[in-house]
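S.K.: After the sequence you'll find the predicted model.
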Amino acid sequence: MIKFCLNGRWVEEADISPNMTVLRYLRTQQSLTGTKEGCGSGDCGACSILLGEKVDVLKEGGGVDAGKWHYKAINGCITFLSQLHGKSVITVDALADGQQLHPAQQAMVDYHGSQCGFCTPGIIMSLAALHQNVDGEPSQHQILDALSGNLCRCTGYRPIIDAAKNMHSYPATGNVEIWQPEELVSKPVEHAGVEAETRTRFRAMKKGQAWVVDDETQLQELLSEHPDARMVAGATDLALEVTQFHKSINKLVSIGSIPSLKTIDVQGDFITIGSAATYAEIEPTLKTHYPEFAALLDRLGSRQVRNNGTLGGNIGNASPIGDTPPVLIALGAEIELVSKNTHRWLSLDKFFLDYKQTALQSCEYIRAIRIPRLKENQALKVYKISKRIEDDISAVLAAFVFTIDDNKVTDVRSGFGGMAAIPKAACKLEKALLGQTISESAFINAANELSKDFTPLTDVRATADYRINVAKGLIHKCAVELLNPELVSRIEQVHTSELATSDIINQTSLTGEFYHA
């Protein structure tokens with residue numbers, strides 16, 4: 001049985017299907033049809049809802065009031081119902097307080113932010129999350145970040161952005177009950193507008209079993225009894241098996257509420273991150289200790305994806321185009337693998353064996369990721385090449401950690417995605433760069449070794465030649481940036497540099513560097 005708060009009332013659900021998504025549940029079993037289904041893959045944002053968790057302990061740089069419910073926008077279409085246990089959900093149906101619209105709703109009306117209206121509920125929920133988490137007028141960057149996972153074919157976005165800029169000036173609604181509900185208050189279970197016969201029919205369709213575990217002891221016991229069970233924390237990739245490939249998950253274990261898997265520990269020479277910590281939760285830590293890694297997160301999926309997706313999930317998925325594994329390989333990260341009877345640490349570059357095959361043994365799970373902290377003479381460089389700025393998959397992802405003494409490369413580690421069947425280092429490139437004085441010519445010559453490290457595939461995202469040539473260009477870009485640390489050369493810098501407030505982008509010399517990658 002799971003228990004969660006839905007629009008201010010506590011709901012209990014037993015015997016739930018492992019394949020039941022939140023979107024399907026809202027529309028078919030709660031008759032809350034304001035939340036729409038668009039793509040079914042977490043790309044369009046029409047299904048966006050607010051997910052609340054009660055924050056009891058302040059996390060580093062989190063800026064959240066302890067003891068209060070904190071809300072974030074997520075995609076309902078790629079979140080499983082079992083993930084809602086102990087949490088609070090708000091849908092667009094409950095935002096208004098009687099006749100008084102929520103500021104996000106009223107601003108969208110007044111600034112003409114809706115035309116056909118199909119995407120509008122999801123946009124409003126993203127703006128409601130922004131309104132809830134930002135005091136005063138949000139910055140342009142905050143607005144674009146909040147809307148990065150919402151697509152609209154009709155409006156051209158300008159009126160939506162205008163609504164976002166001005167919604168803070170509207171009076172807040174007084175519907176406090178849905179935002180800060182009393183915790184675990186027993187109320188009669190209601191299923192608004194759904195007949196008993198309909199619910200019985202849906203239960204008859206149920207196949208498989210879903211569990212929610214609260215601690216690692218439960219998880220280890222469960223996996224020892226059901227080694228074929230699938231684990232889910234964020235579901236931003238796993239749910240696609242159900243929504244896109246129409247597969248059925250027979251056994252599903254939700255681990256996103258296990259406190260020991262969500263820890264972030266900064267001690268000594270290492271930063272240890274629990275496997276179920278979301279990208280949004282680790283962002284403040286990465287910004288402090290690995291700014292280049294944090295900049296990559298701005299382009300990893302969308303705000304909704306980063307609010308739910310986890311670092312451990314990105315590793316365990318073992319995709320050759322996952323964004324974080326190449327960076328972690330370059331940083332020399334290790335992962336902690338645990339089962340009821342085993343415990344071991346494994347270097348991440350030894351975890352990936354072949355396409356979608358890993359060194360994870362039966363009943364094991366990823367407990368934590370341990371990342372060495374950068375030293376003063378080390379520089380991390382991370383590059384993502386994709387067709388869109390955000391909410392897109394990499395054609396090539398490259399990461400490098402250079403150890404530099406007297407302008408010479410005394411050590412180098414690399415990680416590449418999209419270049420092979422697994423995320424992996426470029427060993428011959430590293431050997432060619434070792435001992436080189438930093439110069440464009442030296443790095444360009446070393447880049448020729450990439451053809452010996454990789455034989456990439458041609459697919460819908462890029463040709464093999466494109467991938468090799470772009471990767472070589474990124475080696476050159478490393479030299480340019482190492483020689484010119486103040487150079488504004490990244491699309492990720494557009495909101496955080498003088499590019500945001502000046503016409504410097506129009507200067508020919510800088511524009512050439514800016515688009516070089």
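M.R.: Yes, it's here.
S.K.: Please count neighbours and contacts with C-alpha atoms only from this point.
M.R.: Fine.
S.K.: Give me the residues contacting stretch 146-156.
M.R.: 42-46, 113-116, 119, 122-123, 126-127, 129-130, 301-305, 390-391 (C-alpha atoms under 8 Å, 6 or more residues apart in numbering).
S.K.: Mind doing that once more with 6 Å?
M.R.: 44-45, 126, 302-303 (C-alpha atoms under 6 Å, 6 or more residues apart in numbering).
S.K.: what do you get for stretch 212-224?
M.R.: For stretch 212-224, using C-alpha under 6 Å, 6+ apart, the contacting residues are 253-255, 257-258, 339-340, 363.
S.K.: Go through the contacts of stretch 146-156 and give me the one with the most neighbours.
M.R.: G45 (36 neighbours; other C-alpha atoms under 10 Å).
S.K.: where does it land on pLDDT?
M.R.: We note a pLDDT of 96 for G45 in this prediction.
S.K.: Among the contacts of stretch 146-156, which one lies nearest to D465?
M.R.: Ranked by distance to D465 (C-alpha to C-alpha), the contacts of stretch 146-156 are led by S302 at 28.7 Å.
S.K.: That closest one: what's it in contact with?
M.R.: 148-149, 391 are the contacts of S302 under C-alpha under 6 Å, 6+ apart.
S.K.: A277 too?
M.R.: So A277 contacts 262, 310 (C-alpha under 6 Å, 6+ apart).
S.K.: can you give me phi and psi for it?
M.R.: phi -70, psi 130 (degrees, to the nearest 10).
S.K.: Check the one 3 residues further on too.
M.R.: Dihedral pair for A280: phi -60, psi -40, per degrees, to the nearest 10.
S.K.: That one against V305, yeah?
M.R.: No: contact criterion C-alpha atoms under 6 Å: A280 and V305 do not qualify, at 9.0 Å.
S.K.: Between those two, tell me which one has more neighbours.
M.R.: V305 (27 against 20).
S.K.: Okay, that one and A276: tell me how far apart.
M.R.: Distance, V305 to A276, using C-alpha to C-alpha, to the nearest Å: 14 Å.
S.K.: Equivalent analysis for R344, please.
M.R.: Distance from R344 to A276, by C-alpha to C-alpha: 18 Å.
S.K.: now do L331
M.R.: Counting by C-alpha to C-alpha - L331 and A276 are separated by 20 Å.
S.K.: How is this structure divided into domains?
M.R.: Taking automatic domain parsing as the reference, the chain has its domains at 2-179, 262-485.
S.K.: Dump those domains to JSON lines, plus distance to I491.
M.R.: Output for these, formatted as JSON lines (distance: least, C-alpha to C-alpha, whole Å):
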{"stretch": "domain 2-179", "distance to I491": "13"}
{"stretch": "domain 262-485", "distance to I491": "8"}
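S.K.: Mind checking those domains for the one nearest to H246?
M.R.: So among the domains of the chain, domain 2-179 is nearest, using C-alpha to C-alpha, at 9.9 Å.
S.K.: thinking again about what came up before, least confident of the domains of the chain, on average?
M.R.: Note on the domains of the chain: lowest mean pLDDT is at domain 2-179, with a mean of 91.
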